[in-house]
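Asks: sequence plus the predicted model coming up.
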Amino acid sequence: MQAKKALSLFVVATILLTILIYPISANATEYFVIHGQGCGHGVGMCLSGAKGMAEAGYTYRNILRKYYTSAIPSSTQETQLIRVGLYSTTLATTISGNGDFEVFDDLENKLWAGTDGQSITISYDIENSSYLITTPTETIEVISSHITVSPTASSILSLENFSPPNHFRGNMEVRFSSNSNLLWAINELSLNEYLYGLAEASDSWPKNALKALAVAARTYALEKKLNASTPYKADGFDLSATTDCQYYLGYDYEVQAPNFKQAIDETTGEILVYNSNPISAVYHSCCGGHTENNENIWGGSALPYLRGVPCGYCTWSSNYNWNLSISADELQTKLNSNPTTSVLGNLEGFEILQAGITPRVKTLRILGSGGSNDVSGTDFGNVLKLKSAWFNFRPITRMSGENRYQTAIDVSKQGWNSAETIILTKGTDFPDALSGTPLAYKNNAPILLTDPTTINQETMDEINRLNPDKVIILGGKGAISETIESQLLSEGINSERIGGKDRYETAAKIALEVGSPGKTAIIATGSNYPDALSISSYAAYNQIPILLVNKDYIPDSTTDALNDLNIEQTIIVGGTGVISSEVQANLRNPIRMGGADRYDTAKKIAERYFAPFPGASSIFVVTGENFPDALASAPYAAKIGPCPILLTRSDIVPAPTRNYLIGYTDYVKRLYIVGGFGAISEKVQNELGSL
Ligand SMILES: [Zn+2]
């Protein structure tokens, strides 16, 4: 995990100013995989890291020293009161106690006294600027700045209509704020009593992690209390009960978290100061490997105790890295839902303009057909509900249809507005299409698939859209019947056929049609497709014919083609399990491209023939488990590249494919995925887009 993190840091640094624009296409679906690291703002203490450090044996003071650079331990009076604002959208609340309680106005006149189990309702009448207190015996109307409900002894109050609901220690002050036009319930209690109710960590965490949190949370609350410039002061409290400050659930959390309570008691009064003042001891869920400088997230001046530091202790967290796929259309809709992040015209891509000391995005340019819009990484992240501002994008084009025929059509639409020549091959077997890829490239032709006896309507529509001079049918009459030719002719389309008595002879005839300017041929098995598919875009681009052999012998038609083309060099794709050493011994100057499995073979081919990364800086990823989807994509991979063709499983990215992408991530600007989500799952898409 550490190695990967270091790599991604490097990568983001080098491609920071790269513009990512996706090709506008009416056909294929454009996605962005947004991948990032960490959860929360990333400033101050990484809570996941605190847990990791505590597990590694560090004390809570070690932990605090690491994340709050330059701050030193100090102490404060535990007994001072903290005022927590509880939020409601209603103008009334019902309060009861598990013991006696008293009700006062702002001059501390006692208005009423309640006992265990009794409840009162306090509501605010905006028109009369008065509070109505409904008790079991009477209704009292009071003009006052607020109403205070105060338990006698240490009974617990319960509160309705507020968030969080239920039970609280200390006093409850009900106060209408003309500032926010809301009725606030303000829970006033001692520092430790407040801290007991903070649900910011799991109670099962190691004691030193909980103590580090206790000291940070205490310091944070005290700083907020002393800081006159917070927005909460106008509403009469120090902190809100939400994650805007610290997540406070009151007495209901306290009873669930005895270990945290003990950590608070054991650090009573302990805080962190800088220049004798309590620091703004912010913290977050997970930093993703490195915390950030405060000014890079919130602006303002740099605080010496909130410098970004490497973490290395939060890799265990599920938030350490994350990803999600979103279609370009959906992304545009979401961005347009907020004026701050709106797209001018049609979304064309993103440019990261400024990052912090980590890849956390400070400023991002949203590129649209009608202009650009610069937004902060935090605003962008908030609108899309991203876990953190540490993110980047990888554009993905997915070409797919409901079946193999439609996928071939989708590739054709993506790659060709029109075509003088179309290659038509049967969709029920692979070899003819595979051998046909160099021929397709030579003629700048898409490959379309057909059943052996009938061209389906969608494919015929696509043929007509491309408006070809001719269709080249690959395969003998046994593979594709003569009815196909008549069907084309009835649409006014001429065709010619390249076919032999079997796949080997058809491949040989195609090879003669392609020629071999480099006197090189690719030798592939006639029994399976993945190995040859991986090299087909390279073969097509370089006009190297693909000939087929049996595992243990070279068919005569293949031998004849090798001789007729004066082949001096052969590239065998696949291991000895698919093409034997005996076959190899009978070939001229053979190079064998074989790996541990099809995924590894594809990686080895990509490494040998596609590095340094050429062309469109794109990679094709197709299924290694089922052939027809991918076959038709090879001519397009050659046309826009040549691009390497890697293989994946449907629900997991095999290690060779993963390793290749990690190695070349700096060069890869776009992934093309061929096939639907059944063939290549969204999980795999996300993973591929994150590497
Ligand atoms: Zn961390």
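Replies: Cool, the structure landed. Residues are numbered from 1 along each chain as shown.
Asks: so what's residue 389 up against?
Replies: The contact partners of residue 389, taken as C-beta atoms under 8 Å, 6 or more residues apart in numbering, are 41-42, 297, 356, 360-362, 377-378, 380-381. Just so you know, the C-beta spots here come from the backbone N, C-alpha and C atoms, and that holds for glycine as well.
Asks: among the residues you listed, which are in strands?
Replies: 361-362 (DSSP state E).
Asks: list just the nearest of the contacts of residue 389 to the ion.
Replies: Proximity of those to the ion (C-beta to the ion) peaks at residue 42, which lies at 8.6 Å.
Asks: ok so, going back, now the contacts of residue 389 in CSV, with pLDDT?
Replies: Below are these laid out as CSV (pLDDT from 0 to 100):
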residue, pLDDT
41, 95
42, 97
297, 94
356, 96
360, 96
361, 96
362, 95
377, 94
378, 92
380, 95
381, 95
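Asks: can you narrow the contacts of residue 389 to ones near the ion?
Replies: The subset of those lying close to the ion, counting by C-beta under 5 Å from the ion, is empty.
Asks: looking at the contacts of residue 389, which are in helices?
Replies: 297, 377-378, 380-381 (DSSP state H).
Asks: now flag whichever of the residues you listed is closest to residue 440.
Replies: Nearest to residue 440, judged by C-beta to C-beta, of the ones in helices among the contacts of residue 389 is residue 380 at 41.8 Å.
Asks: pull the number of nearby residues for the residue nearest to the closest one when sequence neighbours are not counted.
Replies: Leaving aside its sequence neighbours, residue 380 sits nearest to residue 364 (C-beta to C-beta, 6 or more residues apart in numbering; 5.3 Å). Residue 364 has 25 neighbours, counted by other C-beta atoms under 10 Å.
Asks: pLDDT score for residue 364?
Replies: With respect to pLDDT, residue 364 has a value of 95.
Asks: count the neighbours of whichever residue of the stretch 101-250 of the chain sits closest to the ion for me.
Replies: Here the stretch 101-250 of the chain gets closest to the ion at one residue, residue 209, 12.2 Å apart by C-beta to the ion. Residues within reach of residue 209, counting by other C-beta under 10 Å, total 27.
Asks: same deal with residue 135?
Replies: Residues near residue 135, counting by other C-beta under 10 Å: 17.
Asks: likewise for residue 334?
Replies: Applying other C-beta under 10 Å, we find 15 residues neighbouring residue 334.
Asks: what packs against the helix or strand that contains it?
Replies: Assigned by DSSP states H and E, residue 334 falls within helix 328-336. Contacts defined by 3 or more C-beta pairs under 8 Å, 6 or more residues apart in numbering; DSSP states H and E place helix 328-336 against strand 29-37, strand 347-355, helix 377-384.
Asks: deepest of these, which one?
Replies: strand 29-37 (a mean of 22; mean count of other C-beta atoms under 10 Å).
Asks: quick check: next helix or strand after that one?
Replies: Next along from strand 29-37, by DSSP H and E: strand 45-46.
Asks: what's whichever helix or strand comes after that next one packed up against?
Replies: Following strand 45-46 in sequence order, the next helix or strand is helix 47-55 (DSSP H and E). Packing partners of helix 47-55 (3+ C-beta pairs under 8 Å, 6+ apart): helix 60-67, helix 207-226, strand 283-284.
Asks: buried ones in helix 47-55?
Replies: Going by neighbour count (16 or more other C-beta atoms under 10 Å), the buried part of helix 47-55 is 47-54.
Asks: turn those residues into a markdown table, including pLDDT.
Replies: Below are the buried residues of helix 47-55 laid out as a markdown table (pLDDT from 0 to 100):
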| residue | pLDDT |
| --- | --- |
| 47 | 98 |
| 48 | 98 |
| 49 | 98 |
| 50 | 98 |
| 51 | 98 |
| 52 | 98 |
| 53 | 98 |
| 54 | 98 |
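Asks: ok, which of the helices and strands packed on helix 328-336 comes nearest residue 630?
Replies: For residue 630, the closest of these is strand 29-37, at 17.1 Å, according to C-beta to C-beta.
Asks: coming back round to it: what helix or strand is the residue nearest to residue 380 on?
Replies: Taking DSSP H and E as the criterion, residue 364 maps to strand 361-368.
Asks: give me the sheet partners of that strand and which way each runs.
Replies: Here strand 361-368 is paired, per DSSP bridges, with strand 347-355 (antiparallel), strand 371-376 (antiparallel).
Asks: which stretch among those comes nearest the ion?
Replies: Among the strands paired with strand 361-368, strand 347-355 comes nearest to the ion, with 17.7 Å by C-beta to the ion.
Asks: and the closest one with helix 377-384, angle?
Replies: Relative orientation of strand 347-355 versus helix 377-384 (axes from the mean of the first three to the mean of the last three C-alpha atoms, to 10 degrees): 140 degrees.
Asks: let me see the contact set for residue 415.
Replies: 446, 635-636, 639-640.
Asks: tell me the one among those residues nearest to the ion.
Replies: Among the contacts of residue 415, residue 640 lies closest to the ion (C-beta to the ion), at 40.3 Å.
Asks: quick one: the closest one and residue 617 touch, right?
Replies: No: applying C-beta atoms under 8 Å, one finds residue 640 not in contact with residue 617, separated by 10.0 Å.
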